[in-house]
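Colleague: Provided below are the primary sequence and the corresponding predicted coordinates.
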Amino acid sequence: MNYYHISDAPFIKEMKEMTHNLWINGWAENHAGNISYLLQEDEVKLYLNTGQYRYEKDIGFAVPDLKGSYFLVTGAGKSFRNVAKDPSDSLAIIKINDDGTKYQLLWGLSSGGEPTSEFASHLMCHSARLKVDNQHRVILHTHAMAITAMTFIHSLDEDRLTKTLWKMITECIMTFPDGVSVLPWMVAGTSDLGKASAEKMETSRIVIWPQHGIMSAGRSMDDAYGLIETAEKAANIYLLAKQGQSEDWQDISDQQLWSLTDRFDLIPKKGILEPR
């Protein structure tokens, strides 16, 4: 069978563009940041023989609801700034085996290596999001600067943090009416972090890892990126305003936020806004 060249695949082009944007923003220093993109089998079969793989490895836990799924993922120890130059080294296409306990490397990581060190978190979060949204496709983790800085000086109560972000810029409650979730500080790259993130992803598409970064879930690359982009801008506005805070501090009121939810037919996370 003749296959199309994988460099022409839309999902490779999307990943190249996204990793470049994240690096340019300063959100993916050195080896930081990771992305996983759920692919459809019909997409992959245009470019690869899905029955052949270079190696198979244990995941370390079972994800039976993801069995047979295909993912385009960034590699562990790979830099986002290099993805566009050599995607075949920086990226991997993997398939979850038929019982959800192993992954098979179909393509990529040409100089060696493994999928992102946060692979456990990604798989668990994909599983959680697919249970509530069958159009879910992308998990994105990056080291957004303003959000990370905000975790040093703001309460880590997720309702309070959500409300602060909502009050910084009109776009926030429109973009993530389900709010943001916040974890305690945890060791990166562990199953414990994956489990905790996945639990939060059941009700929120944004999970903040204090003093570390942020994770988002989306139906597309743009969707996942837009969530972080909006939260990051609100956090930056908060930090700038905090520097010059006076007795005349003004923000968007709860009633004004209610008026936005009415205008755009949104259901905000319960318990955050004062009653009408």
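Modeller: On my side now, so go ahead. Numbers count the residues shown, from 1 in each chain.

Colleague: The closest residue to Ala144 other than its chain neighbours and Ile93: what is the separation?
Modeller: Nearest non-adjacent residue to Ala144, counting by C-beta to C-beta, 6 or more residues apart in numbering: Glu232, 4.4 Å away. To be clear about C-beta, it is placed using only N, CA and C from the backbone, and glycine gets the same treatment. From Glu232 across to Ile93, the span is 29 Å (C-beta to C-beta, to the nearest Å).

Colleague: So between these two, which is more surrounded?
Modeller: More crowded of Glu232 and Ile93, by other C-beta atoms under 10 Å: Ile93, with 26 against 21.

Colleague: Quick check: which element contains that one?
Modeller: strand 91-96 (DSSP states H and E).

Colleague: can you list contacts of that strand?
Modeller: 12, 15, 39, 44, 48, 50, 53, 59, 63, 66-75, 78, 83, 102-109, 114-115, 123 (C-beta atoms under 8 Å, 6 or more residues apart in numbering).

Colleague: I'd like the mean pLDDT over that strand, please.
Modeller: Mean per-residue pLDDT for strand 91-96: 98.

Colleague: in its sheet, what does it sit against?
Modeller: Strands adjacent to strand 91-96 in the sheet, as given by DSSP bridges, are strand 70-74 (antiparallel), strand 102-108 (antiparallel).

Colleague: picking that back up, tell me how far the one helix or strand the residue nearest to Ala144 maps to lies from the chain's centre.
Modeller: For Glu232, the host element (DSSP H and E) is helix 221-243. Distance of helix 221-243 from its chain centroid, counting by C-alpha atoms, centre = their mean, to the nearest Å, is 14 Å.

Colleague: For it, name the packing helices and strands.
Modeller: Helix 221-243 sits against helix 10-24, strand 138-142, helix 145-153, helix 158-168, helix 171-175, strand 206-209, strand 213-218, with contacts defined as 3 or more C-beta pairs under 8 Å, 6 or more residues apart in numbering; DSSP states H and E.

Colleague: For Asp265, which of those is the nearest?
Modeller: Of all the helices and strands packed on helix 221-243, helix 171-175 sits nearest to Asp265, with 10.5 Å by C-beta to C-beta.

Colleague: on that earlier part again, I figured the residue nearest to Ala144 was touching His143, is that so?
Modeller: No - counting by C-beta atoms under 8 Å, His143 is not a contact partner of Glu232; they are 10.5 Å apart.

Colleague: Identify the contacts common to the two.
Modeller: Trp27, Ile214.

Colleague: List the buried residues in the helix holding Glu232.
Modeller: 221, 223-239 (16 or more other C-beta atoms under 10 Å).

Colleague: what angle separates it from strand 138-142?
Modeller: 30 degrees (axes from the mean of the first three to the mean of the last three C-alpha atoms, to 10 degrees).

Colleague: and Ile208, how many residues sit next to it?
Modeller: 27.

Colleague: same check, this time on the one 3 residues further on
Modeller: Counted with other C-beta under 10 Å, the neighbours of Gln211 add up to 10.

Colleague: and it, what helix or strand is that in?
Modeller: Gln211 belongs to no helix or strand, assigned by DSSP H and E.

Colleague: Roughly how far does it sit from Ile153?
Modeller: Counting by C-beta to C-beta, the gap from Gln211 to Ile153 is 11 Å.

Colleague: again, but for Gln52
Modeller: 52 Å.

Colleague: Low-confidence bits of this protein, can you list those?
Modeller: Scanning the chain for pLDDT under 70 picks out nothing.

Colleague: So for it, the centremost residue is which one?
Modeller: Leu140 (2.3 Å; C-alpha atoms, centre = their mean).

Colleague: ok, now how distant is it from Gly218?
Modeller: Taken as C-beta to C-beta, the span from Leu140 to Gly218 is 7 Å.

Colleague: Same question for Ala32.
Modeller: From Ala32 to Gly218 the distance is 19 Å (C-beta to C-beta).

Colleague: The two: which is more packed in?
Modeller: Using other C-beta under 10 Å, the more surrounded residue of Ala32 and Gly218 is Gly218, with 22 against 16.

Colleague: Who does that one form a beta bridge with?
Modeller: Assigned bridge partners for Gly218, using DSSP bridges, are Val138.

Colleague: pretty sure it is touching His126, no?
Modeller: No - counting by C-beta under 8 Å, Gly218 stays clear of His126, with 11.4 Å between them.
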